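1. can you look at this prediction? I've put the sequence above it.
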Amino acid sequence: MAVKVRIPTPLQRLTQGKEEVAGKAGAVIDIINDLETRYPGIAERISEGGKVRRFVNIYVNEEDIRFLQAERTLVNDGDEVSIVPAIAGGKGG
Amino acid sequence: MQDITIPGHIFDDMIAYCREGYPNEVCGILGGRGNSVSGIWKMRNVEASPVSFLMDPKQQFQTMKSLRNEGLSMVALFHSHPDSAAYPSTRDVALAFYDDAAHIIVSLVGEEPQARAFFIINGTVEEIKMNIVLSDRAA
């Protein structure tokens, strides 16, 4: 059993329309880098320099990885990883 | 880009929620099918700021999951501009990740709130029409 990775709608263009793809068990950052080998361009939308981008939230099952071990959070077979870009904005200033 | 359809009572609820949150920016999700809205999810702005918003990430995650489980999607994302125009700011454009959802901005500048809707794709802003179904307005 692999890791199930949920892809947000705008990035499904890079996964041939797939809402869910399989990942290999391991650290979150390794899963992202592995996705890049199959779906080029996806890693830079999620991470930068080995760190998850500020406005991207990643959950392992129900837990935000920022409250776990961040990019180094270990994901096991059968776990679900959800990539959830933040919804943010405003007038600014 | 497709115009979106919003039942009147949901549109009014969105405006009321934006007013309630004044002077801070308010945010939320309009869910539905295709380009037709069927529900409003009022979200928490964790920045509690008059010039910016960040939707509560956990609440967003859970809402997106329940929408999916109900076979719904995010038709539009809304937020208020308490003291500026109903047009995407530089920050709105820079942070608009969900280019498959419309972005509604509610300005509270005038006597009456003004709402406009846009698609923001790769930094390009295009206004769309909101069809408000008046017969769906609460009495």
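-> That came through fine. Numbering: from 1, shown residues only, chains lettered A, B, ... in the order given.
2. quick one: the helices in the chain?
-> Going with chain A. Per DSSP state H, chain A carries helices over the ranges A:28-38, A:42-46.
3. to clarify, I was referring to chain B.
-> Remark: helices assigned in chain B by DSSP H are B:8-21, B:57-69, B:90-94.
4. now do the contacts for residue B:100.
-> Neighbour list for residue B:100: A:9-10, B:74 [criterion: Cβ atoms under 8 Å, 6 or more residues apart in numbering or on different chains]. C-beta here means a position set from N, CA and C on the backbone, and glycine is covered the same way.
5. most neighbours among the residues you listed, which one?
-> residue B:74 (22 neighbours; other Cβ atoms under 10 Å in any protein chain shown).
6. pretty sure it contacts residue B:34?
-> No - using Cβ atoms under 8 Å, residue B:74 is not in contact with residue B:34; the gap is 11.9 Å.
7. still on that earlier bit, mind checking the helices of chain B for the one nearest to chain A?
-> Closest to chain A of those, according to Cβ to the nearest Cβ: helix B:90-94, at 3.8 Å.
8. average model confidence for the closest one?
-> In this model, helix B:90-94 has an average pLDDT of 97.
9. other residues contacting it?
-> Helix B:90-94 is contacted from outside by A:89-92, B:52, B:79, B:103, B:105, B:120, B:123, B:125, using Cβ under 8 Å, 6+ apart.
10. can you point out the buried residues in stretch A:6-18?
-> Using 16 or more other Cβ atoms under 10 Å in any protein chain shown as the test for burial, stretch A:6-18 gives A:6-12, A:14-15.
11. reformat those residues as CSV; add pLDDT and distance to chain B.
-> Shown next, in CSV, are these (pLDDT from 0 to 100; distance: Cβ to the nearest Cβ, whole Å):
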residue, pLDDT, distance to chain B
A:6, 98, 9
A:7, 98, 12
A:8, 96, 8
A:9, 94, 5
A:10, 93, 5
A:11, 96, 9
A:12, 97, 9
A:14, 97, 13
A:15, 97, 14
